[in-house]
Structure formats: C-alpha cells, structure tokens
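Asks: The following comprises the amino acid sequence and a computationally predicted model.
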Amino acid sequence: MAEKLLIRALKGEVLKVPPVWMMRQAGRYLPEYRATRQKAGDFLSLCFTPELAAEVTLQPIRRFGFDAAILFADILLVPQALGADLWFVTGEGPRLSTISNAADLARLKPADAIHEHLAPVYETVRILREELPSDVPLIGFAGAPWTVATYMIAGRGTLDQGPAHALKSGDPASFDALIELITLATIEYLLAQVAAGAEVVKLFDSWAGSLKGADFAKYSTAPQKRIIAALKARHPDLPVIAFPREAGENYIGFARETAADCLAIDNSVDAGWAAEYLQVDGCIQGNLAPVHLVNGGQALIDATRQIRDAFARGPHIFNLGHGITPDADPKNVDIMLAALRN
Ligand code: CP3
C-alpha cells in the first residue's frame, strides 16, 4: 500500500493537495461528540473509557474523511498521572491542585510511575490502530513541559501564565525540577503511545509565546529537543510535530534546533512569511484562523486557498492555527475541504 499522505508530507514530500486534519477535530461542535460525551458522563470519563474515546476519535474521520486522526485524550492527564488532582468545571475549563514549592513537588510520583493511571489511554491507541482506515495514521500527543507546568503551578488556565513565571524567578530550583519531571514523564508517555500504535506524535506548547528572551530557548526549545532526541533514539523514523504556539520570531529555526519533522504554526503568522522563513527547514502545519469555521462564506474559501497556495512550493499539512471552537458549524468544515481539495 502507498505510504499515507500525512507521513509523506512529514518526510518532506511536496504534494499537489496537502493532507488535512484539524486540532480539536473531535469536539463539541459535532453533535455525535456531544452525544458520546453525555453517554460517558463527563470529559475525564470519556478520556478514560477506551471504547468511547476511540469512538469520538473516529467520528470526524467518518464524517469528513480527514487524512489523520488524533488520539482523544488531554495534555493534563500527565499531571494527573503524576499525582495532581484534576477536574473540569463545565463552561470554564480545567482545575488542578497547585505546585507552589519544593514540598508540593516532593509529593508527586516519579516519571515512570505514570503508566498504571494512563493504561486506558494506551488501550484507546490499540483500539484505534485496529479500527482506523488503513490510509489514516494516528497522531499521539502530549503537552510540552512549559505548558503543562503552567497548569500545574496555577491550577488552571491563565491569561499571562503569571504564577508559572513567578515560580520560575522566585524558586528556580523547584521550577527546574518540575520541568525535569514533566520532561521525563512526557518521554515515558509518548514512548508508550508509540508502542501501542501511534505513528506520529505532536507536542503542544500552547503557551510558548509567553516565554521571552533566553527563557524561550531554556524552557520551550531545550525540553522539546530532549524529548524528541529520546523518542528518535528508540524510533529513528518516528515523525514529530512541534507546536510552540505564538512563538513569533522564535519560530525561526525551531524545527532545526529541536529536530522536529514539522513545525505547526498559529494563525497570527502570515503564511507568506512562514513559507519564506520557516518552510525552508521542512514541513509546516497550519494555519487557518478557527473563526473562519464559525463565519464561513467566501472569506473561508479565500483564506483556505490563500494558505494552500502560500505553502504550495514546500511540504505542508493543512490545519487550523488553534483548535476548532464549539460554536463552529460542521458545514463549514465541508466547505473548507472542498476549497482545499478542488
Ligand atoms: O481532537 C483533538 O484535538 C484531540 C484531543 C485533545 C483535547 N485536548 C481534547 C479536549 C487535545 C490534543 C487537547 C490538547 C490540549 N488540552 C491543549 C493543547 C492545545 C490547545 O488547545 O492549546 C490544552 C492547553 C489542553 C487543556 C485543556 N483541555 C483546556 C484548557 C480545556 C478547556 C477548554 C475547552 O475547550 O473547553 C480542555 C478540555 C478539552 N480537551 C475538551 C476537548 C475536546 C473540551 C472538553 C469537553 O468536552 O467539555
């Protein structure tokens, strides 16, 4: 069988029509997702019930025919597996017990103790490898250490990641130890996903944009470089996508420095600029603004084609610049796909 389109793009091939998938493609904008989530009871029960997590992963593949599936899970399952309390407040988002000092840190489990808690996630991966169409690869994922640390320190999402920045400057030893623990746990977690059948992995550094100056290299680039090196030491051909969201000028050289096969970019970046300065290092993933899938119309068609055409001379995976939002209209996803593929 011919190699999967997503893998071909990740290995540097320039394709006539780029492979396409969407961040948060399994999510609340889909009525079938809402029905399965209701059956599970709540979001975390959905993540930890392999048959249902596999079902919501498959739903957007069946409905839209995307070129990749992404494991249904969450970046915050790793802190939970390390011993943090985790719960989701409907309409607000995640809440965790907080890490404020060395004593809090000492109560966490070691990195290699995560697997018992995360075993249902690995089972979801095994089910998906059986049930996905043979031409659709499965993307496994984890949060990058800085982003995961911001949630563990603040106990929730924050606008400016203030609590994490405060610990970083106020108690650098504890902060660095937390980054180290998350780095090791992330290597463990992603290796286990690959062992279970994930064919590609993605690192989400959603809050990379708030790291300035030398902090960006130290806390976004360096830990991701280390994770990618550990993965590739065991699986030299494993493609890795990195997403240091809102990195701006720090996107330049990021794929080269970390050895990521693909740089995913957010929609604050101009596609023409990205083609010139970022695509020289390899595959680019992105970067349609998610709001187009709410508003639709000619603007959606134009923006889709403009991004496709801007990246047409190099390897490209079409995606959004961030996750699709719950108020998006599934009909607009069909319009996007038609604009891209025709
Ligand atoms: O379809 C997919 O993309 C795969 C599954 C996936 C989820 N979260 C499911 C989810 C992935 C890859 C993630 C990553 C994730 N989770 C990130 C990084 C990407 C990003 O968005 O920046 C972050 C920061 C999280 C943490 C998280 N999980 C937050 C802040 C929230 C609340 C915000 C929201 O959208 O409600 C979640 C919840 C979450 N994770 C949902 C889904 C489908 C919505 C939960 C629901 O059904 O109520």
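Replies: Received it, and whenever you're ready, just let me know what you need. Numbers count the residues shown, from 1 in each chain.
Asks: Distance from stretch 335-342 to the middle of the chain?
Replies: 23 Å (Cα atoms, centre = their mean, to the nearest Å).
Asks: Buried ones in it, by neighbour count?
Replies: Along stretch 335-342, these residues count as buried under the neighbour rule (16 or more other Cβ atoms under 10 Å): Ile335, Met336, Leu337, Ala339, Leu340. No exception for glycine: its C-beta is placed from N, CA and C like everyone else's.
Asks: One more: stretch 223-242?
Replies: Neighbour counts using 16+ other Cβ under 10 Å place 223-228, 230-231, 235, 238-242 of stretch 223-242 among the buried residues.
Asks: Rebuild those as a markdown table, extending it with pLDDT and secondary structure.
Replies: Conversion of these to a markdown table gives the following (pLDDT from 0 to 100; DSSP: H, G, I helix; E, B strand; the rest coil):
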| residue | pLDDT | secondary structure |
| --- | --- | --- |
| Pro223 | 98 | helix |
| Gln224 | 99 | helix |
| Lys225 | 98 | helix |
| Arg226 | 98 | helix |
| Ile227 | 99 | helix |
| Ile228 | 99 | helix |
| Ala230 | 98 | helix |
| Leu231 | 98 | helix |
| His235 | 98 | coil |
| Leu238 | 98 | coil |
| Pro239 | 98 | coil |
| Val240 | 98 | strand |
| Ile241 | 99 | strand |
| Ala242 | 98 | strand |
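Asks: Need the distance between the two termini of stretch 230-247.
Replies: Stretch 230-247 has its terminal residues 23 Å apart, counting by Cα to Cα, to the nearest Å.
Asks: Equivalent analysis for stretch 245-253, please.
Replies: End-to-end distance of stretch 245-253 (Cα to Cα): 14 Å.
Asks: any idea which element the residue nearest the centre of the chain lies in?
Replies: Within the chain, the residue whose C-alpha comes closest to the C-alpha centroid is Phe204; the distance, by Cα atoms, centre = their mean, is 4.1 Å. Assigning secondary structure by DSSP states H and E places Phe204 in strand 200-205.
Asks: Which residues does that strand contact?
Replies: Surrounding strand 200-205, the residues in contact under the criterion Cβ atoms under 8 Å, 6 or more residues apart in numbering are 6-7, 10, 68, 70, 75, 137-144, 146-147, 186, 190, 193-194, 220, 224, 227-228, 231, 238-245, 260, 264.
Asks: ok, back up a step: distance of the residue nearest to the centre of the chain relative to the ligand?
Replies: 4 Å (Cβ to the nearest ligand atom, to the nearest Å).
Asks: give me the beta-bridge partners of that residue?
Replies: Beta-bridge partners for Phe204, by DSSP bridges, are Gly143, Phe243.
Asks: ok, how many other residues are close to the residue in the stretch 151-300 of the chain that the ligand sits nearest to?
Replies: The minimum distance from the stretch 151-300 of the chain to the ligand, using Cβ to the nearest ligand atom, falls at Ser206 (3.2 Å). By the criterion of other Cβ atoms under 10 Å, Ser206 has 23 neighbours.
Asks: Per-residue pLDDT of it, please?
Replies: Model confidence at Ser206, given as pLDDT, is 98.
Asks: For it, which residues are in contact?
Replies: Residues in contact with Ser206, defined by Cβ under 8 Å, 6+ apart, are Gly143, Thr147, Phe243, Arg245.
Asks: and the residue in the chain sticking out farthest from the centre, what element?
Replies: With Cα atoms, centre = their mean as the measure, the chain has its most outlying C-alpha, relative to the mean C-alpha position, at Ala103: 30.5 Å. For Ala103, the host element (DSSP H and E) is helix 102-106.
Asks: any idea how far the residue of the stretch 51-200 of the chain found nearest the ligand lies from His165?
Replies: Among all residues of the stretch 51-200 of the chain, Gly93 sits closest to the ligand, at 3.8 Å; criterion: Cβ to the nearest ligand atom. As defined by Cβ to Cβ, to the nearest Å, Gly93 lies at a distance of 20 Å from His165.
Asks: More neighbours: which of the two?
Replies: Neighbours were counted for Gly93 and for His165 using other Cβ under 10 Å; His165 has more, 18 against 11.
Asks: Give the helix, strand or coil label for the more buried one.
Replies: For His165, the reduced secondary structure class is helix; criterion used: DSSP: H, G, I helix; E, B strand; the rest coil.
Asks: and the closest residue to it other than its chain neighbours, what does it touch?
Replies: If the residues on either side of it in the chain are set aside, His165 comes closest to Ser210, at 7.3 Å by Cβ to Cβ, 6 or more residues apart in numbering. Under the criterion of Cβ under 8 Å, 6+ apart, the neighbours of Ser210 are Asp160, Gln161, His165, Glu246.
Asks: now Ala196
Replies: Ala196 sits in contact with Tyr122, Glu123, Val125, Arg126, Arg129, where contact means Cβ under 8 Å, 6+ apart.
Asks: is it true that Thr36 touches Ala54?
Replies: No - counting by Cβ atoms under 8 Å, Ala54 is not a contact partner of Thr36; they are 10.3 Å apart.
Asks: So which of these two has more stuff around it?
Replies: Ala54 (23 against 20).
Asks: who wins for most neighbours among the contacts of Ser210?
Replies: Gln161 (22 neighbours).
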